[in-house]
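Chemist: quick one: sequence plus predicted model below, questions after.
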Amino acid sequence: MGGYVRKYWLLIGLYTLIGASGSLMGLGTSLLSRNLVDSVTGDSTVKILASALGYAGVGLFQLVISALRTRLSMRITMKVGNKIRSDIFAQILRTEWEHLSQFSSGDLLYRINGDTSVVVNNILTYLPNVASILISFGGAFWVMMQNDPWMALIALAGAPISFLSTRFSMRKMREFQKKQMELQSHKTVFNQEALQNMQMIKAFGLVDYFIQQYAEVQDQSLEYAMVQNTFQSKMTILTGLIGQLIGYACYGFAVFRLWQGQITYGTMTLFVSMATSLRGSFSGVLNLLPAAMRAGISAGRIMEVVQLPRESEEDLEKGRIMLERARRTGVQVEMRDVSVAYGDNGPVYTHANLLARPGEIIGLIGPSGQGKTTTLRVLLGLYHTQEGQVMVANPGSEMEPVSAGTRCLFSYIPQGNTLFSGTIADNMRMLRPDASDQEIIEALQTADAWEFVEKLEEGIDTQVREGGNRFSEGQKQRLSIARALLLHTPVLLLDEATSALDMATERRVLHNILRRDPLQTILVTAHRPSVLSMCNRVYKIQDGRFEEVNDAEIQAFLQGDKTT
């Protein structure tokens, strides 16, 4: 948080200055109020008029400053807050996927929005609040010391007790805040998963179950909030009682001094006002501690994510050079004696070897959960290998290890056919913002998708809707393939990307892809003979082994898969 303060010190300094102006105006108002009361009780018309004009002038100036402060504060808050959120969002997206996948998307969403908001608000309000409180505290204490040191000491009499009670409550509040943030994160996860899986919930008649679960999540949060509130209420009552006793003491002392004729009515009014300001300022200092604590907890939760290993971008230039050469030569992909494992779990497979040359289709088969999708993610540099090398190169050139920098050589169509809200054209142009309508149509034609897109009410400008739920699974697959083809990358990874297509359409799409770019290297995971029959080589991943198989072994696997 200190780093962000240094980064935006000018804007935060301006924000602090604006906030401090309010405290200065409040101090000035108290002094003018004393003069006005003394003028009235002294029956001095000239002084009454001057004091009244001064009092009104300061009030008017406060209104102007308040309006200006509100406008500038909003602008600075939005500007700095948006930059900090964007920075944290960017850091999370640049984190290595293998480490980031340990967190649920709902939890990450709450950290980006909820925790970041707490941090942003603390950064933008802590220094201004400290400055305002110190000005109020220092000004009130100075005024009281100038007029009556004993009154100043009485006003601060409750400070040690308040400080000790705050130290005690801070330890308990830290536990409360940490648990509350965990509960809020859990609520976000539950809500997101429920809304994303609405179709399944309805299909299995789980509506009542999820409504009940939602109510239980809310009740759990309410129950814990009430426990926290009970503790806070007790501490507030204790602090309030101390404050009231000190207030009565200050007021009684001021009345006593007035009765003795040692101070004027205006000075008494000033004493009472300054004593209230002094106690309020000290309480404000103590109240800043829980806010700082909440921000610290949120910052820690954010740091758990942003301090994960980042993806290396050192090979970006090498990837771009290889991509340019690929237009003439294509790209070769090779795995040499590779072993892969998930974290501390056992190996997915060991000593794997794979070769895919330009113009070839390479098939990956095997039971579900044995490592086919993992292999594609390894090629994309999303997973790291425990042993061996995964390399790419233009034929005749030096091999380079795969990384985030070589990811530009690949187009990936994952299982699930991810489509985003917006139009079909918007989804396509995510990968190539400069793509013309004609280029989009050509990619759709290659993926055998133009036939149904052309018939839509607005063609490529038709809204996809969230998750592409207006289209069938086969249509979503073809749209996903078309989007990947628009990039013209030398390597295409298809993860069961044609499983929802009939065999005739499936073969037509694959033939179209090969005709479009004879040098394109294609790796496909599949279970259907129509795809595997087009492959130059097929590798089977099963029981920790990764090996090339012949036609007879392919047929045996397919027959066993059907039996299963």
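Modeler: Right, received. Where do you want to start?

Chemist: so which residues of this protein form strands?
Modeler: For the chain, the strands defined by DSSP state E occupy 332-341, 347-356, 361-365, 387-393, 400-401, 410-413, 491-495, 521-525, 537-542, 545-549.

Chemist: and the fourth one, which residues are buried?
Modeler: The reference is to strand 387-393. Across strand 387-393, burial judged by 16 or more other CB atoms under 10 Å covers 388, 390, 391, 392, 393. Every C-beta, even on glycine, is put in place using the N, C-alpha and C of the backbone.

Chemist: with distance to residue 122 and pLDDT added, can I get the residues you listed in CSV?
Modeler: Listed next are the buried residues of strand 387-393 as CSV, based on distance: CB to CB, whole Å; pLDDT from 0 to 100:
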residue, distance to residue 122, pLDDT
388, 47, 93
390, 44, 94
391, 47, 94
392, 46, 94
393, 50, 93
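
Chemist: bridge partners for residue 542, pull those for me.
Modeler: residue 545 (DSSP bridges).

Chemist: distance of it from residue 308?
Modeler: Using CB to CB, to the nearest Å, residue 542 is found at 32 Å from residue 308.

Chemist: before we move on, what about residue 499?
Modeler: On the measure of CB to CB, residue 499 and residue 308 end up 33 Å apart.

Chemist: and what of residue 211?
Modeler: On the measure of CB to CB, residue 211 and residue 308 end up 36 Å apart.

Chemist: cool, residue 84 as well?
Modeler: Distance from residue 84 to residue 308, by CB to CB: 19 Å.

Chemist: again with residue 394
Modeler: 33 Å.

Chemist: returning to that earlier point: residue 211 and residue 308 - which one has more neighbours?
Modeler: For residue 211 versus residue 308, neighbours defined as other CB atoms under 10 Å are more numerous around residue 308 (17 against 12).

Chemist: the more buried one against residue 97, yeah?
Modeler: No. The pair residue 308 and residue 97 does not pass the contact test of CB atoms under 8 Å, sitting 10.1 Å apart.

Chemist: for the protein, longest helix please?
Modeler: helix 207-259 (DSSP state H).

Chemist: ok, back up a step: turn the strands of the chain into CSV, including distance to residue 230.
Modeler: As requested, these are exported to CSV (distance: least, CB to CB, whole Å):
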stretch, distance to residue 230
strand 332-341, 48
strand 347-356, 51
strand 361-365, 59
strand 387-393, 57
strand 400-401, 58
strand 410-413, 53
strand 491-495, 53
strand 521-525, 56
strand 537-542, 57
strand 545-549, 59
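
Chemist: re earlier: who are the packing partners of the longest helix of the chain?
Modeler: Identification of packing neighbours for helix 207-259 by 3 or more CB pairs under 8 Å, 6 or more residues apart in numbering; DSSP states H and E yields helix 149-155, helix 159-196, helix 265-306.

Chemist: leaving out sequence neighbours, find the closest residue to residue 350.
Modeler: Beyond its immediate neighbours in the sequence, the residue positioned closest to residue 350 (CB to CB, 6 or more residues apart in numbering) is residue 339, lying 4.2 Å away.

Chemist: what do you get for residue 258?
Modeler: residue 268 (4.8 Å).

Chemist: please report how far that neighbour lies from residue 99.
Modeler: Applying CB to CB to residue 268 and residue 99 gives a distance of 65 Å.

Chemist: these two - which one has more neighbours?
Modeler: Using other CB under 10 Å, the more surrounded residue of residue 268 and residue 99 is residue 268, with 19 against 14.

Chemist: list the contacts for the spatially most central residue of the chain?
Modeler: Taking CA atoms, centre = their mean, the centroid of the chain lies closest to residue 112, which sits 2.0 Å from it. Counting by CB atoms under 8 Å, 6 or more residues apart in numbering, residue 112 makes contact with 85, 88, 89, 92.

Chemist: what's the PyMOL line that selects buried ones from these?
Modeler: Only the buried entries of these go into this PyMOL selection, using 16+ other CB under 10 Å:
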select buried, resi 85+88+92
